[in-house]
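K.L.:
model this:
(chains A and B, ligands or ions: 1)
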Amino acid sequence: MTVLEQPGAYRPTPPPGWQPRVDAAPLLPDAEPYRLLGTAAAAGISPDLLTRLHRELVRGRRYNTQATALTRQGRLAVYPSSTGQEACQVAAGLVLEDRDWLFPSYRDTLAAVVRGLDPVDALTLLRGDWHSGYDPHTHRVAPLCTPLATQLPHAVGLAHAARLKGDDVVALALVGDGGTSEGDFHEALNFAAVWHAPVVFLVQNNGFAISVPLAKQTAAPSLAHKAVGYGMPGRLVDGNDAAAVHEVLAEAVRRARGGGGPTLVEAVTYRIEAHTNADDATRYRPDSEVEAWRAHDPIALLEEAMRDRQLLDDEGVRAARESAERLAADLRTRMHQDPVLDPMALFEHVYADRTSQLREQAAQLRAELDAEAADAGEGE
Amino acid sequence: MTTAVGAETARKPATMAQALGRALRDAMAADPSVHVLGEDVGTLGGVFRITDGLAEEFGEDRCTDTPLAEAGILGTAVGMAMYGLRPVVEMQFDAFAYPSFEQLISHVSRMRNRTRGAMPMPITVRVPYGGGIGGVEHHSDSSEIYYMATPGLQVVAPATVADAYGLLRAAIASDDPVIFLEPKRLYWSKADWSADAPEQVPPIGRAVVRGPGSGGRRSATLISYGPSVPVCLEAAEAARAEGWDLEVVDLRSLVPFDDETVCASVRRTGRAVVVHESTGFGGPGGEIAARVTERCFHHLEAPVLRVAGFDIPYPPPMLERHHLPGVDRVLDAVARLQWESEWTEGSAV
Ligand SMILES: Cc1ncc(C[n+]2csc(CCOP(=O)(O)OP(=O)(O)O)c2C)c(N)n1
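P.N.:
Residues are numbered from 1 along each chain as shown, chains lettered A, B, ... in the order given. Next comes the predicted model:
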């Protein structure tokens, strides 16, 4: 029984002749997250796509474990791991065309790496040598965004601008379940729908916003259900099924590119590690819950489906793992070198032209650094 | 106030974080209208663990994990205050308070004024603020000037463990909204402190002289607050060796501003340096220097100087030490005060 069917529930009488503007039914998500692996439909997925997904999943897992290890060695200030969420990250990284744009949050380094970013550059923010380690234009990846949901309106604006210019560019914006509570989420979705902008919103629902479980975040039937209120389709997908996430995103990207407007995709997944290395997850969730989700591991799901179709054997698994080890070794070596930083860079790019105040302050720091160097020289 | 504190907890080393937690607990115990709300303040006890144990002790209705939405948190706090509660809101980090500025500036700060006193806003907004903890982008802003520039808000920043407790109690008790800036890098600073000393609760708006000088010939006042106070105390210690007698005024409260204590000190010493982390241009130091100059012009031997963070977006952690005003930068300014005074004396001959 829905709320409206309850006896005595408030029900406004529509004015005569009132009609809903659109039929809401096609916008509503299915009750169950869409699964592809292990179903009959999986037979239709191209072997090439499955192989690429698999390789990136295995490399992505290794990237996560290596980055986490680097925090323990003090080489990274902080790392929000996407272990367990690799299917979302990999699908998001692979689904776009070169000309499209990705708008990641701080947890989405892997999606950016899969899209082509140098793995070390992707970690610059988290290592702490600069706020962003790459030129966003190179791979059309916006800077990793720390304030929650603030990247979403950017994605809408960029997609809108591209369409105004006549370019068939799509923007894919990533956000967590917690981020959907922010006002910016609402404003972005509303703009996107009203402007019919070519944007895809991917919510990675990993169960928690730091310590707060989804139940305390929203009373909606699902996050995908939020779409209907804006007038865009909502899609619910198993976020650990890489093929399903890829297919749902690909369909949304196609619709956006073809002028069909935005889509909200909710991928149901789980954050296996703590929020970051600075967080203690045992304070708010039992290990048994984590273990249950480990049994629904995105790599295992894909490997099983691929072995069923004889698209993967031990040799294939070994090859993917070797590639992952090379990635990890490269990351280790390069992250163990101290970054060479010039403190004078503090005054660069604050404005296109340095103000006289900043020139003064730069001279002050220069003098301090020279004095420091002279002191160090005397000390030898 | 509370009976839970036994003698065994009296005057033992406590951190500022513990004192803040204690202040919340005592305020909630003393007044059932005090409610704590924010992101992760319940089960987790806040990312800095300031609210640890409150949900357990007072229930989730009194210490509430909210959805992740700062505008929503502060906006609902406005409604709660309208209905007679005293909300204490936690913003998780300085730069994450910005979504709430609409509520803060358009409503919280001016509700009393627009309702001609009929609707006070006894809201405390706790903001872990400032740098020096190696935080990545958006985790180290000093946003006090935005708050200071908004009439109707009180702005408070403790520098000691005892003040953290006392000022937070005072903030929660205040019938006006208080922006309570918690210097993150002092969270783990320790002092011998007793939660059983309510007489130590300083009223909001009183500065205090820490390490008073004797007002000799080479004397100056360092005016500071929050995370820069320990820097100034260290600089005062170092300057003593060079024959400088420095007096440190800890403002504790930026709004209201204690002109009296500040000017009494500057008149005694004849020189002043304002020290803070936030940017210098358009920063708090400009206001403070102007006030001091207006009131103490004839007592000044040198212009009031400012030592501040550079006028740049807060830098990444690996470079923040070059940005944050440290002891050396304060001492350099003090040296310039002397040069100015010698020049003045020389030219007068
Ligand atoms: C505006 C804003 N408020 C608070 C924070 C602090 N914060 C960082 S991550 C986080 C939880 C985010 O949860 P979710 O959106 O579910 O993403 P997840 O980290 O789980 O991927 C919070 C509260 C922030 N980054 N930005």
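K.L.:
how far out from the middle of the chain is stretch A:342-352?
P.N.:
The chain centre lies 29 Å from the centre of stretch A:342-352; the measure is Cα atoms, centre = their mean, to the nearest Å.
K.L.:
no, scratch that, I was asking about stretch B:105-122
P.N.:
23 Å.
K.L.:
List the buried residues in stretch A:20-29.
P.N.:
Residues A:27-29 are the ones in stretch A:20-29 that count as buried (16 or more other Cβ atoms under 10 Å in any protein chain shown). Backbone N, C-alpha and C define where each C-beta goes, glycine included.
K.L.:
can I see the domain layout of chain A?
P.N.:
Segmentation of chain A into domains, based on the TED database, reads A:25-276+A:285-336, A:343-378.
K.L.:
what's the most buried one of those domains?
P.N.:
Mean neighbours per residue, mean count of other Cβ atoms under 10 Å in any protein chain shown, is largest over the domains of chain A for domain A:25-276+A:285-336, with a mean of 20.
K.L.:
Compute the first-to-last residue distance for that domain.
P.N.:
54 Å (Cα to Cα, to the nearest Å).
K.L.:
So which residues of the chain form helices?
P.N.:
You didn't say which chain, so I picked chain A. A:47-72, A:86-94, A:109-114, A:124-127, A:136-139, A:151-164, A:183-195, A:214-217, A:226-230, A:242-257, A:287-294, A:298-308, A:314-335, A:356-379 (DSSP state H).
K.L.:
Hmm, no, I was thinking of chain B.
P.N.:
Going by DSSP H, chain B shows helices at B:16-30, B:54-58, B:70-82, B:101-103, B:111-114, B:144-148, B:161-173, B:228-240, B:259-269, B:284-296, B:320-323, B:327-348.
K.L.:
Tell me which of these sits nearest to residue A:54.
P.N.:
Proximity to residue A:54 (Cβ to Cβ) singles out helix B:70-82 among the helices of chain B, at 40.4 Å.
K.L.:
can you pull the buried residues of that closest one?
P.N.:
Those would be B:70-78, B:80-81, for helix B:70-82 by 16+ other Cβ under 10 Å.
K.L.:
Name the nearest of the buried residues of stretch A:20-29 relative to chain B.
P.N.:
residue A:29 (20.5 Å; Cβ to the nearest Cβ).
K.L.:
sorry, back to before: now, among the buried residues of helix B:70-82, which is nearest to the ligand?
P.N.:
Closest approach between the buried residues of helix B:70-82 and the ligand, by Cβ to the nearest ligand atom: residue B:70, at 5.9 Å.
K.L.:
With pLDDT and distance to residue A:208 added, can I get the buried residues of stretch A:20-29 in JSON lines?
P.N.:
Below are those laid out as JSON lines (pLDDT from 0 to 100; distance: Cβ to Cβ, whole Å):
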{"residue": "A:27", "pLDDT": "95", "distance to residue A:208": "27"}
{"residue": "A:28", "pLDDT": "96", "distance to residue A:208": "26"}
{"residue": "A:29", "pLDDT": "97", "distance to residue A:208": "21"}
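K.L.:
Out of the residues you listed, the closest to residue A:82 would be?
P.N.:
residue A:29 (23.1 Å).
K.L.:
Around chain A, which positions in chain B sit nearby?
P.N.:
Contact residues, chain B versus chain A (Cβ under 8 Å from any Cβ of the partner chain): B:39-40, B:42-45, B:47, B:65, B:67-72, B:95-96, B:98-99, B:134-139, B:281, B:310-313, B:315-319, B:322-323, B:328-329.
K.L.:
can you rerun that using 7 Å?
P.N.:
Residues of chain B found near chain A (Cβ under 7 Å from any Cβ of the partner chain) are B:39-40, B:43-44, B:47, B:65, B:67-69, B:71, B:95-96, B:99, B:134, B:136-138, B:281, B:310-313, B:315-319, B:322-323.
K.L.:
Tell me which residue in chain A sits closest to the ligand.
P.N.:
residue A:176 (2.1 Å).
K.L.:
I'd say that residue and residue A:210 touch.
P.N.:
No. Residue A:176 is not in contact with residue A:210 according to Cβ atoms under 7 Å; the separation is 9.9 Å.
K.L.:
hang on, the earlier thing: got a markdown table for the helices of chain A, with distance to the ligand and mean pLDDT too?
P.N.:
What follows is those, written out as a markdown table (distance: least, Cβ to the nearest ligand atom, whole Å; pLDDT from 0 to 100):
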| stretch | distance to the ligand | mean pLDDT |
| --- | --- | --- |
| helix A:47-72 | 13 | 98 |
| helix A:86-94 | 10 | 98 |
| helix A:109-114 | 12 | 98 |
| helix A:124-127 | 13 | 96 |
| helix A:136-139 | 20 | 98 |
| helix A:151-164 | 11 | 98 |
| helix A:183-195 | 8 | 98 |
| helix A:214-217 | 8 | 98 |
| helix A:226-230 | 14 | 97 |
| helix A:242-257 | 15 | 98 |
| helix A:287-294 | 14 | 96 |
| helix A:298-308 | 16 | 97 |
| helix A:314-335 | 21 | 98 |
| helix A:356-379 | 28 | 93 |
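K.L.:
Can you add distance to residue B:252 and give those helices back as TSV?
P.N.:
Below are the helices of chain A laid out as TSV (distance: least, Cβ to Cβ, whole Å):
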stretch	distance to residue B:252
helix A:47-72	37
helix A:86-94	47
helix A:109-114	41
helix A:124-127	35
helix A:136-139	43
helix A:151-164	38
helix A:183-195	34
helix A:214-217	36
helix A:226-230	45
helix A:242-257	53
helix A:287-294	45
helix A:298-308	53
helix A:314-335	43
helix A:356-379	28
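K.L.:
so what's the residue at minimal distance from the centre of chain B closest to, chain neighbours aside?
P.N.:
Nearest to the mean C-alpha position of chain B, by Cα atoms, centre = their mean, lies residue B:157 at 1.0 Å. Counting by Cβ to Cβ, 6 or more residues apart in numbering or on different chains, residue B:157 lies nearest to residue B:226, which is 3.6 Å off, once chain neighbours are set aside.
K.L.:
Tell me how many other residues surround that neighbour.
P.N.:
28 (other Cβ atoms under 10 Å in any protein chain shown).
K.L.:
In the stretch 201-349 of chain B, where is pLDDT below threshold?
P.N.:
Where the stretch 201-349 of chain B drops to pLDDT under 70, the residues are B:212-216, B:339-349.
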